[in-house]
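K.L.:
Here's my sequence, what's the structure:
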Amino acid sequence: MYLNAEKKQEIFGQYGKSNTDTGSPEAQVALFSYRISHLTEHLKKNRKDYSTARALTKLVGKRRALLDYLKDRDIERYRAIVKALGLRK
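P.N.:
Next comes the predicted model:
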């Protein structure tokens with residue numbers, strides 16, 4: 001499987017406050033971004049996988065909502081996570 005417990009711990013440790021910090025917006029956005037990149041690669045190979053395309057669309061919406069929340073609450077944290085993940089040009 002592409003996303004096991006060790007990979008989640010690594011993502012949460014890198015972008016969250018600790019390895020067990022699964023609730024912070026930064027950690028969730030980082031996890032969603034990892035999953036989005038994986039699904040994007042899958043869809044490049046399997047164009048007609050419509051259920052995965054729908055899941056990708058929903059995941060992008062969730063990430064966007066979390067980023068909007070973070071932007072409203074603390075603009076510096078928003079800018080830091082966007083820069084760390086390379087989401088904007």
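
K.L.:
how about low-confidence regions in the protein?
P.N.:
Flagging of the chain using pLDDT under 70 yields the residue ranges 1, 89.

K.L.:
which residues in it form strands?
P.N.:
Chain-ordered strands for the chain, with DSSP state E as the definition, do not occur.

K.L.:
all helices for it, in order.
P.N.:
In the chain, the segments counted as helices under DSSP state H are 5-15, 25-45, 50-73, 75-85.

K.L.:
Same list (those) but as CSV, adding mean neighbour count.
P.N.:
In short, each C-beta sits where N, CA and C put it, glycine included. Shown next, in CSV, are the helices of the chain (neighbours: other CB atoms under 10 Å):
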stretch, mean neighbour count
helix 5-15, 15
helix 25-45, 17
helix 50-73, 14
helix 75-85, 14
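
K.L.:
my read: T52 touches K45, true?
P.N.:
No: here T52 does not reach K45: they are 10.5 Å apart, not a contact under CB atoms under 8 Å.

K.L.:
Thank you kindly, that will do.
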